[in-house]
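Undergrad: Predicted structure and sequence below. I'll ask about it afterward.
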Amino acid sequence: MPTRIFLLDDHEVVRRGVKELLNSEEDLLVVGEAATAEQALSRLPVANPDVAVLDIQLENGSGIEVAREIRSRHPEVRCLMLTSFADDEALFDSIMAGASGYILKQVRGNDLVEGIRRVAAGQSLLDPAMTSRVLDRLRHGQEEDERIASLTPQERKILDLLAEGLTNRQIGDRLHLAEKTIKNYVSNVLMKLGMARRTEAAVYAARQADRLARSNPPSPGSHS
């Protein structure tokens, strides 16, 4: 039985080229394709592929979001990410989404074919050095989470307001507390986070919020 493949790329010419390349191999068969994330998620279950080859950057949406959904709904399908340029952030997000591999579009056709075969066989195409960097980031993220966890709910609230750039007086007005009380809270927050300046804490809080948003994106088709 040939390995069944699903293609997601918003460029028809690219899809057609990859499809012809793969279908020319006796052990590979393209069983479905899509130009958008929404199409991919609706068509993929019907196609029942073994491997999904997903373009990371789509005009509307991201192949990484699609990979996350596929791995959640259809864990038996392995995902191979295609991208035009090497990017640590995209690799990090791909690994977090559960992708088995990451290939540049500039590779030779034979390399793409071989990559699909390896992923279908349960192997990983992720570079060990890159994977190590991702694990380091995860460990660092856990340390940051522990610092956040040490804050009381009220301190968390004040940290969020610091991230919005509010002054102590503005935070006091928002929370109906005295400015002096807010000043004491801010001092406690800085001490627990191991920081000297409120701007440091504001930047830290903004980064934490961004990281949380990226690790829990809205699912395609959901409405905010």
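TA: Thanks, I have it. Here the structure is a predicted model, which is why all the values come from computation and not from measurement. Numbering: from 1, shown residues only.
Undergrad: What sits closest to the residue positioned nearest the centre of the chain if chain neighbours are left out?
TA: The centre of the chain sits closest to D93, judged by Cα atoms, centre = their mean, with a distance of 3.2 Å. Spatial nearest neighbour of D93, excluding adjacent residues (Cβ to Cβ, 6 or more residues apart in numbering): I64 at 4.8 Å. Where you see a C-beta, it was placed from the backbone N, CA and C, and this is true even at glycine.
Undergrad: and the closest residue in space to A196 that isn't next to it in sequence, what element?
TA: Spatial nearest neighbour of A196, excluding adjacent residues (Cβ to Cβ, 6+ apart): L190 at 6.8 Å. Element membership for L190, per DSSP states H and E: helix 179-193.
Undergrad: Can you spell out which helices and strands pack onto that helix?
TA: helix 153-163, helix 168-175, helix 198-215 (3 or more Cβ pairs under 8 Å, 6 or more residues apart in numbering; DSSP states H and E).
Undergrad: which parts of the first one are buried?
TA: Okay, so that is helix 153-163. Residues 155, 158-163 are the ones in helix 153-163 that count as buried (16 or more other Cβ atoms under 10 Å).
Undergrad: And for the longest one?
TA: Residues 198, 201-202, 204-205, 208 are the ones in helix 198-215 that count as buried (16+ other Cβ under 10 Å).
Undergrad: Show me what the mean pLDDT comes to for that helix.
TA: Mean pLDDT, helix 198-215: 74.
Undergrad: could you pull out the helices for this protein?
TA: 12-23, 37-47, 63-73, 88-96, 109-120, 128-149, 153-163, 168-175, 179-193, 198-215 (DSSP state H).
Undergrad: how far does stretch 154-165 sit from the chain's center?
TA: 26 Å (Cα atoms, centre = their mean, to the nearest Å).
Undergrad: Roughly how far does the residue nearest to the centre of the chain sit from I103?
TA: Distance of D93 to I103, given as Cβ to Cβ, to the nearest Å: 15 Å.
Undergrad: same check, this time on T36
TA: 21 Å.
Undergrad: Could you do A149 as well?
TA: From A149 to I103 the distance is 38 Å (Cβ to Cβ).
Undergrad: try M96
TA: Taking Cβ to Cβ, one finds M96 at 18 Å from I103.
Undergrad: before we move on, what about I171?
TA: I171 is 48 Å from I103, by Cβ to Cβ.
Undergrad: the more surrounded of those two?
TA: A direct count of neighbours by other Cβ atoms under 10 Å for I171 and I103 places I171 higher, at 22 against 18.
Undergrad: ok, the more buried one to E65 distance?
TA: 35 Å.
Undergrad: cool, P75 as well?
TA: In terms of Cβ to Cβ, P75 sits 16 Å off from E65.
Undergrad: Mind checking which of those two has more residues around it?
TA: E65 (21 against 9).
Undergrad: okay but the more buried one is in contact with A37, surely?
TA: Yes: the criterion here is Cβ atoms under 8 Å, and E65 meets it with A37 at 6.1 Å.
Undergrad: Look up the pLDDT of T131 for me, please.
TA: T131 is given a pLDDT of 65.
Undergrad: now swap in L159 and tell me
TA: 89.
Undergrad: Mean pLDDT per helix and strand in this structure: which one sits at the bottom?
TA: helix 128-149 (a mean of 67; mean pLDDT, DSSP states H and E).
Undergrad: For V113, which residues are in contact?
TA: Counting by Cβ atoms under 8 Å, 6 or more residues apart in numbering, V113 makes contact with 21-22, 25, 28.
Undergrad: Poorly predicted segments of the protein, please.
TA: 86, 88, 127-135, 137-145, 211-224 (pLDDT under 70).
Undergrad: I appreciate the help and will end here.
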